[in-house]
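Colleague: Make a model of this:
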Amino acid sequence: MTKRNSFLAIALTLTLVLGGVLGWVGKGMAAGDPLPGSEQDPLVSRSYVDSRIEALLSSVSMGPQMTVVELEPGQRLICGAGTEIILRGGSGAVIDSELGGLCDVTQGKDLRMGEAAPANHLLLVPRDDGRGIQALTAVILMVRGNYTLE
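Modeller: Just a heads-up that it's a prediction; the model follows:
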């Protein structure tokens with residue numbers, strides 16, 4: 001290949017590459033597209049984005065917190081449907097209904113009337129029909145949901 005042919009090949013390659021780049025850039029900057037940084041397409045700072053994300057996250061409800069409930073011996077905690085219970089201290093017995101007992105989510109079984117409520121297990125009350133826990137000793141429970149003390 002001669003010098004002249006090499007020069008022409010390089011010039012043609014550069015022309016094609018430059019044309020491709022300009023065509024690609026031109027597609028991104030169509031006539032109706034707003035200019036980056038203009039009022040129609042503003043640039044924002046990181047602190048602005050972070051503040052918007054923080055505001056969004058703070059508005060998301062994480063649900064009600066668990067409440068610590070203390071029972072004296074003989075006292076009963078009667079729960080509404082969907083109430084969660086965790087026995088943290090003492091001993092208590094399950095109060096069930098005709099339709100079933102408390103769901104021990106941790107162990108995956110149904111606890112029936114008079115059974116000991118296991119410590120540190122998540123217990124779920126499926127219906128609002130008088131189910132709950134009766135304290136055999138002084139009891140400390142964590143409860144999330146509706147309940148009454150008797």
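
Colleague: where along this structure do the strands fall?
Modeller: With DSSP state E as the criterion, the chain has strands at 67-71, 76-79, 84-89, 92-95, 102-104, 109-111, 122-124, 132-135, 139-144, 147-149.

Colleague: and of these, who's closest to residue 52?
Modeller: Among the strands of the chain, the nearest to residue 52 by C-beta to C-beta is strand 139-144 (30.5 Å). (C-beta placed from N, C-alpha, C; glycine too.)

Colleague: Residue ranges of each domain in the chain, please.
Modeller: The chain breaks down by automatic domain parsing into domains covering 3-59, 67-149.

Colleague: So which of those domains is the most surrounded?
Modeller: For the domains of the chain, the largest average neighbour count (mean count of other C-beta atoms under 10 Å) is found in domain 67-149, namely a mean of 17.

Colleague: what about that one, start to end distance?
Modeller: 13 Å (C-alpha to C-alpha, to the nearest Å).

Colleague: Next: stretch 76-90.
Modeller: Start-to-end, stretch 76-90 (C-alpha to C-alpha) is 14 Å.

Colleague: that older thread, now render the strands of the chain as JSON lines, adding distance to residue 46.
Modeller: Output for the strands of the chain, formatted as JSON lines (distance: least, C-beta to C-beta, whole Å):
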{"stretch": "strand 67-71", "distance to residue 46": "39"}
{"stretch": "strand 76-79", "distance to residue 46": "47"}
{"stretch": "strand 84-89", "distance to residue 46": "39"}
{"stretch": "strand 92-95", "distance to residue 46": "52"}
{"stretch": "strand 102-104", "distance to residue 46": "47"}
{"stretch": "strand 109-111", "distance to residue 46": "51"}
{"stretch": "strand 122-124", "distance to residue 46": "40"}
{"stretch": "strand 132-135", "distance to residue 46": "50"}
{"stretch": "strand 139-144", "distance to residue 46": "37"}
{"stretch": "strand 147-149", "distance to residue 46": "46"}
